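[1] have a look at this prediction, sequence included:
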Amino acid sequence: MHRSVLPQTFLISLLLPCAAVFAANPPVLTPFKPGGVYALGERAGWTVSAPADAASTGEYSYTLKKNDSEIIKSGKLKLSRPSTIETSLNEPAMLYLEITGPEKDTKPVAYGAAIAPTRLQPVIPRPADFDQFWAEKIALLQKVPANPVLTKKDSGRPDVDYYILKMDHIDGRHIYGQVAKPKHAGKFPGLAMFQWASPPYPLQREWVTDRAAEGWLVVNIEPHDVLPDQPKEYYDALPKELKEYNTIERENRDRNYFLYMYLADYRAVEYLANRPDWNGTTLIANGTSMGGQQSLCVAGLNPKVTGVIVHVAAGADANGPLHGHAPSYPNWPADNPKIMETAQYFDTVNCATNIKVPSLVSMGFIDTTSTPVGIFTAFNQIRGYKEAAPMIESPHNHLATPEQMAQYTQRSSEWLRDLVAGGNVAEPANKPSRRLDENSHLGHEGLLKKKTQGQIDVYFLGDSITRRWGASDEQYKHLLANWNQNFSGWNAADFGWGGDKTQNILWRLENGELDGINPQVIVLMAGTNNVGRLTPVDDDHARIADITNGIKAIIDLARRKAPNATILLTGITPRNDNIAVMPTINAINANIAKFADGKSIRYININDKLADRSGKLLPGMTDPDQLHLAPQAYQIWADALKPHLTELLGPRAATDKAPPPTGDPSAVH
């Protein structure tokens, strides 16, 4: 997670090189589907065109591989006109494409895609004695007292306490790490952090103190029996064997290096869970690459882990190279049957079978270090609530740009923010849920007050797309002008709130925001925050059904609270911050359209005026964020609403009696 301090040489010397080295002037590839995920038998691939400033007219060479191993297609391209590279597979797989330019010594450009990735399954059965093996090793660990010793260090922050941790391990070994916590008294959610692959390196203080400042009780351990806070000379002088630890005892499951690593991880979780300042409910395993590998396995071994957040986790699909899959770190030699047998006991695919807690897992489609075929296979074994963060253009984290990893970094930040506040990342869309941030509490109080300050005949309900239209905030005054131009005289009041999911809207309704108003019309649009920005990795049927149920619950509750109101249900508008979610939005809209009876519930969909048939927004319809509507789009929405409002309410009055508009409480508090 902390790439800025990651040694840049270790993966070159220790792991497989990544093919995602961009040529100076690569061709332009456009996937047939924006998310790069295809169904079995579906035409999958790319349209290839020359870059706009191409100086060369020579031939490009390409190779398309299944699971970055078996070549299924190759050829030459002359880009004087657009070409396609395509295939169709009737089996789950990852596609890995390399294109080499016509210039001499140009390096290849890599692209990736997925075929039914949620159907990828282990290449061999899980060892029958996997659980027994680990139960015996954990019992051996528990016979050795941890004897934790904390040495207080300067945290560099006035609000955080920071310590170096030492614990005892089996076979006379030790476990070293860091502990950080908020300075004030209390009980805190736990975060167990695990480190990536490399010759041993020091743990940076800020990795834990920054999280502690957010409210976490953090434990971060070294994967090796080395001190965590020494100068460079200390780590340089460590034995060569230790720097090549992934080769130690590869034929012996009882002495393998990863046995000691996973048991150290288990002890770290036990230490955190036994602290009196742990809150007893939240304990997240978190790591990148080999840290993700450790997180998945400790979550499968220790039931005290309540959630998993991992980035490009290594350690999956150890036997994959024997079955047409590219190898992943730790690169177990596939030509040694004994090593292949040992590797099964440390494979995240086999650990993941025991994971029943919410899990967020990322995978880079052009990652040659932690290959996506292995990560998807492990992901598919998780039995609890889970979300994939597919990164279609991303190599391994140390080679990727922030833009390439945005699917993971944005979603993991959201998970951590919600979890540290006591939230439930797996809550269903039709279950009322209070927002966790103080500003939303203030906003709710303001809306309770607002409903008493005037006559409300038209009640607008939704999230930020609704809120901004009738808000008093200075930055939205142009939108308020459009609101007044269209609705003044109909006594319309805006009860949207930014960031709300359907479950948050339900909570607001259940807690008084519609009570006693009895509007004649309710205008509802909800669900875009439930959809979010994550690219679906299958047909998204579960999320579509969940969000549909959430919107239905809002309609049902609104009808109970205001039985005489006509509901003008508006479909979720397009979002192009990730156009790959448009099939999900379209499916939800198709579902909720069925709720309309043409009388008490009327359905409005303006998307064909906001976007083209592919879901791409037309110019001028949204803010630069490609989500929130611009005045032109609000006018289209108003034009769709006004005939219904005229029919139901009559012409607009000369005087408007609605409550005054409200704004963001954080602007005045």
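    That came in fine, so what should we check first?
[2] who touches the residue lying closest to Val420 once chain neighbours are set aside in this structure?
    Using CB to CB, 6 or more residues apart in numbering and skipping the chain neighbours, the partner closest in space to Val420 is Gly215 (4.6 Å). Any C-beta I mention is one placed from the backbone N, CA and C, and that applies to glycine too. The contact partners of Gly215, by CB atoms under 8 Å, 6 or more residues apart in numbering, come to Pro182, Phe188, Pro189, Val420, Ala421.
[3] in three-state terms, label the third one for me.
    Judged by DSSP: H, G, I helix; E, B strand; the rest coil, the three-state class of Pro189 is strand.
[4] Ala493 belongs to a strand, doesn't it?
    Yes. Assessed by three-state DSSP, Ala493 belongs to a strand.
[5] so what's it bridging to?
    Applying DSSP bridges to Ala493 gives these bridge partners: Tyr459.
[6] ok, it touching Leu447?
    No. Under the criterion of CB atoms under 8 Å, Ala493 is not in contact with Leu447, lying 9.2 Å apart.
[7] so which of these two has more stuff around it?
    Using other CB atoms under 10 Å as the criterion, Ala493 and Leu447 rank with Ala493 on top: 25 against 21.
[8] which element is Ala114 on?
    For Ala114, the element it lies in under DSSP states H and E is strand 109-115.
[9] mind listing what's buried in the next helix-or-strand element following that strand?
    Taking DSSP H and E as the definition, the helix or strand that follows strand 109-115 towards the C-terminus is helix 130-142. The neighbour-count check on helix 130-142 (16 or more other CB atoms under 10 Å) flags Phe130, Phe133, Trp134, Lys137, Ile138, Leu141 as buried.
[10] any idea which residue is closest to the centre of this protein?
    The centroid of the chain falls nearest to Arg411 when counting by CA atoms, centre = their mean (3.3 Å).
[11] quick one: that residue is in a helix?
    Yes. Secondary structure assignment places Arg411 in a helix (three-state DSSP).
[12] use 52 as the first number for this chain going forward.
    Taking 52 as the first residue, the last one we looked at is Arg462.
[13] please tell me how far it sits from Leu411.
    Plainly put, Arg462 is 6 Å away from Leu411 if you go by CB to CB, to the nearest Å.
[14] how about Gln686?
    Gln686 sits 39 Å away from Leu411, taking CB to CB as the criterion.
[15] out of these two, which sits in the busier spot?
    Leu411 (25 against 14).
[16] that's a strand at the more buried one, yeah?
    Yes. Residue assignment for Leu411, taken from three-state DSSP, places it within a strand.
[17] where does it land on pLDDT?
    Looking at Leu411, its pLDDT is 98.
[18] just checking, it touches Ile360?
    Yes. Assessed by CB under 8 Å, Leu411 is found in contact with Ile360 at 4.8 Å.
[19] which neighbours do those two have in common?
    Ser463, Trp466.
[20] looking at this protein, which helix is longest?
    Among the elements of the chain assigned as helix by DSSP state H, the one spanning the most residues is helix 592-612.
[21] what does the helix or strand that comes right after that helix rub up against?
    Once the chain leaves helix 592-612, the next helix or strand it forms, by DSSP H and E, is strand 617-621. For strand 617-621, the surrounding residues in contact (CB under 8 Å, 6+ apart) are 571-576, 602, 606, 609-610, 643, 646-647, 650-657, 688, 691-692, 695, 699.
[22] stretch 190-205 spans what distance, first to last residue?
    Between the start and the finish of stretch 190-205 there is a gap of 36 Å, counting by CA to CA, to the nearest Å.
[23] quick one: it to chain centroid distance?
    Averaged C-alpha coordinates place stretch 190-205 at 33 Å from its chain's average position (CA atoms, centre = their mean, to the nearest Å).
[24] with stretch 632-648 instead?
    Relative to its chain's centre, stretch 632-648 lies at 23 Å (CA atoms, centre = their mean).
[25] mind listing what's buried along that stretch?
    Those would be 632-640, 642-643, 646-647, for stretch 632-648 by 16+ other CB under 10 Å.
[26] what's the answer for stretch 386-394, then?
    Buried residues in stretch 386-394, counting neighbours by 16+ other CB under 10 Å, are found at Ile390, Met391, Thr393, Ala394.
[27] most widely separated two among those?
    The distance between the two most remote of the buried residues of stretch 386-394 (CB to CB) is 7.4 Å, for Met391 and Thr393.
[28] now do the shared contacts for the two.
    Shared contacts of Met391 and Thr393, defined by CB under 8 Å, 6+ apart, comprise Trp383.
[29] what's the pLDDT at Arg132?
    pLDDT, the model's per-residue confidence, is 83 for Arg132.
[30] could you look up the SS state of it?
    Classification of Arg132 using three-state DSSP returns coil.
[31] ok, the biggest strand by length in the chain: who's next to it in the sheet?
    Ranked by number of residues, the top strand in the chain under DSSP state E is strand 329-339. Strand 329-339 sits in its sheet next to strand 239-245 (parallel), strand 358-362 (parallel), going by DSSP bridges.
[32] not counting its neighbours along the chain, what's nearest Asn637?
    The shortest distance from Asn637 to any non-neighbouring residue, by CB to CB, 6+ apart, is to Gly666 (7.4 Å).
[33] over to Trp247?
    With CB to CB, 6+ apart as the measure, Ser340 is the residue that lies nearest to Trp247, at 4.1 Å, once sequence neighbours are left out.
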